[in-house]
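> sharing a model that was predicted from the sequence below.
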Amino acid sequence: MADAVLDRLTASNMFDLRGVVAVVTGGGTGIGLMITTTLVANGATVYIIGPKQVDLDRIANVYNEAAEQTKRPGRMYGIEGDIRLKSEASRLADEVGKRERHVTVLFNNAGIAVGGFKRPGPDATAEDFRAALFDAVSEEDFDNSMHTNAIGPYWLTFAFLPLLEKWKENPAGLRFAPQIIMTSSMNGWTKDPATSGYTFPYLYSKSAIGHATASLAHELLPLGIRVNGIAPGLFVTEMSYPGTADALGQSHPRSDMQPEFETPLQPSGTNKDMGALVLFLVSNWFVDGETVLIDGGTLLRHPSSY
């Protein structure tokens, strides 16, 4: 019947996430919090992973109280962990497995941006470039960037595979396919480091996770577990605007914090923009191995390989 077709295609049915279990690394701040709050608002149970339990509990309590007051079924729970480490990936999967029989979607979202440099002027010599991009960048910054932004997601992907596979045994699993979603960046494809805040450790790590998304999707085809990615441009977060987050974890840029590149469509992305993409990826069965660029048209103005 036509009315049944229309009912099935309503937003309230397509994006009803009740029964969905999600894990979001870095889910208590920045883009991770945009992902988490979208999932909770639409009924999902979400485990947010971050470095400090007290911070995770604080933000979870804020939104759980709001969800309870408005009679929304979604909830978030914090689990402290260092997502850079293989041993921690196993422990975190075990911790979630003690509480849930399965996981619907793993968001490998946590990221850092360190190792910035000041671009040499137009008359710079090779020595100037060495001083700016070699001497000023530490090995620790490169190691932390690669392990947090690219290597950690590899460990977590495989540590959580058994819980993702178990989702297919759940009758409600027929509504949503098990999936891993990577947070890359437009800076995985840009040729202009200005869009990254001038940090090659960040550029390298996001390039790595961007390529890994398609490679892992290919490898996991036999399991029926999809791997997709999100490549954000400028969003207002603690990473892009340090020290501006309020009690709700929402950042607010100051007038003295202007990026050195243009976002053509609007000043920056919002939690609604990110939330709409998250709902699309979680609910869609027909996309695999893709990274969705959500950059407000930035790479249309800046050279890239996207």
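All right, it came through fine. Residues are numbered from 1 along each chain as shown.
> quick one, what contacts the residue most central in space within the chain?
With distances taken as C-alpha atoms, centre = their mean, the residue of the chain nearest its centroid is Asn109 (2.9 Å). Neighbouring residues of Asn109 by C-beta atoms under 8 Å, 6 or more residues apart in numbering: 24-27, 31-32, 35, 181-183. All C-beta atoms are positioned from the backbone trio N, CA, C, and that covers glycine.
> swap in Lys166?
Counting by C-beta under 8 Å, 6+ apart, Lys166 touches 101-103.
> just confirm Leu164 contacts Glu100, I think it does.
No. Shown here, Leu164 and Glu100 do not form a contact pair, counting by C-beta atoms under 8 Å, at 11.2 Å.
> which one of the two has more residues nearby?
Taking neighbours as other C-beta atoms under 10 Å, Leu164 and Glu100 compare with Leu164 leading, 26 against 16.
> before we move on, back to that, skipping its backbone neighbours, what lies nearest the residue nearest to the centre of the chain in space?
Distances taken as C-beta to C-beta, 6 or more residues apart in numbering place Thr183 nearest to Asn109, at 4.1 Å, with adjacent residues excluded.
> show me where the stretch 201-306 of the chain dips below the pLDDT cut-off.
For the stretch 201-306 of the chain, no stretch has pLDDT under 70.
> so who does the residue nearest to Asn109 touch?
Thr183 sits next to 26, 31-32, 107-111, 209, 229-230, 232 when contact means C-beta under 8 Å, 6+ apart.
> ok, back up a step: highest neighbour count among the contacts of Asn109?
Comparing these by number of neighbours (other C-beta under 10 Å), Gly27 comes first, having 32 neighbours.
> distance-wise, check that residue relative to His218.
From Gly27 across to His218, the span is 27 Å (C-beta to C-beta, to the nearest Å).
> which positions in stretch 283-295 come out as buried?
Residues of stretch 283-295 classed as buried under the neighbour-count rule (16 or more other C-beta atoms under 10 Å) are 283, 288-289, 291, 293-295.
> please identify which of these is nearest to Lys168.
Set against Lys168, the nearest of the buried residues of stretch 283-295 by C-beta to C-beta is Asp288 (15.2 Å).
> grab the nearest non-local neighbour of the closest one.
Arg226 (4.4 Å).
> go ahead and confirm that neighbour touches Ile180.
Yes. Using C-beta under 8 Å as the test, Arg226 is close enough to Ile180 to be in contact (7.2 Å).
> so what's in contact with those two at the same time?
Leu220.
> put the alpha carbons of the helix ranked longest in the chain into PDB.
Identified as the longest helix of the chain according to DSSP state H is helix 200-219. Extracted C-alpha coordinates of helix 200-219, given in PDB (Å, rounded to 0.1, in the frame of the first residue of the first chain):
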ATOM      1  CA  PHE A 200      52.300  18.100   8.700                       C
ATOM      2  CA  PRO A 201      51.900  15.400  11.400                       C
ATOM      3  CA  TYR A 202      48.100  16.000  11.100                       C
ATOM      4  CA  LEU A 203      48.200  16.000   7.300                       C
ATOM      5  CA  TYR A 204      50.100  12.700   7.200                       C
ATOM      6  CA  SER A 205      47.900  11.000   9.800                       C
ATOM      7  CA  LYS A 206      44.700  12.000   8.100                       C
ATOM      8  CA  SER A 207      46.000  11.000   4.700                       C
ATOM      9  CA  ALA A 208      46.700   7.500   6.200                       C
ATOM     10  CA  ILE A 209      43.300   7.000   7.700                       C
ATOM     11  CA  GLY A 210      41.600   8.300   4.600                       C
ATOM     12  CA  HIS A 211      43.300   5.600   2.500                       C
ATOM     13  CA  ALA A 212      42.800   2.900   5.200                       C
ATOM     14  CA  THR A 213      39.000   3.400   5.100                       C
ATOM     15  CA  ALA A 214      38.700   2.000   1.600                       C
ATOM     16  CA  SER A 215      41.400  -0.700   2.200                       C
ATOM     17  CA  LEU A 216      39.700  -1.900   5.300                       C
ATOM     18  CA  ALA A 217      36.300  -1.900   3.700                       C
ATOM     19  CA  HIS A 218      37.600  -4.100   0.900                       C
ATOM     20  CA  GLU A 219      39.200  -6.500   3.500                       C
END
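> the inter-axis angle of the helix or strand following that helix versus helix 200-219?
Next in sequence after helix 200-219, counting helices and strands by DSSP states H and E, comes strand 226-232. Going by axes from the mean of the first three to the mean of the last three C-alpha atoms, to 10 degrees, strand 226-232 is angled at 150 degrees with respect to helix 200-219.
> show residues contacting strand 226-232.
For strand 226-232, the external contacting residues (C-beta under 8 Å, 6+ apart) are 31, 157, 177-186, 188-189, 209-210, 213-214, 216-217, 220, 269, 274, 277-278, 281, 287-295, 306.
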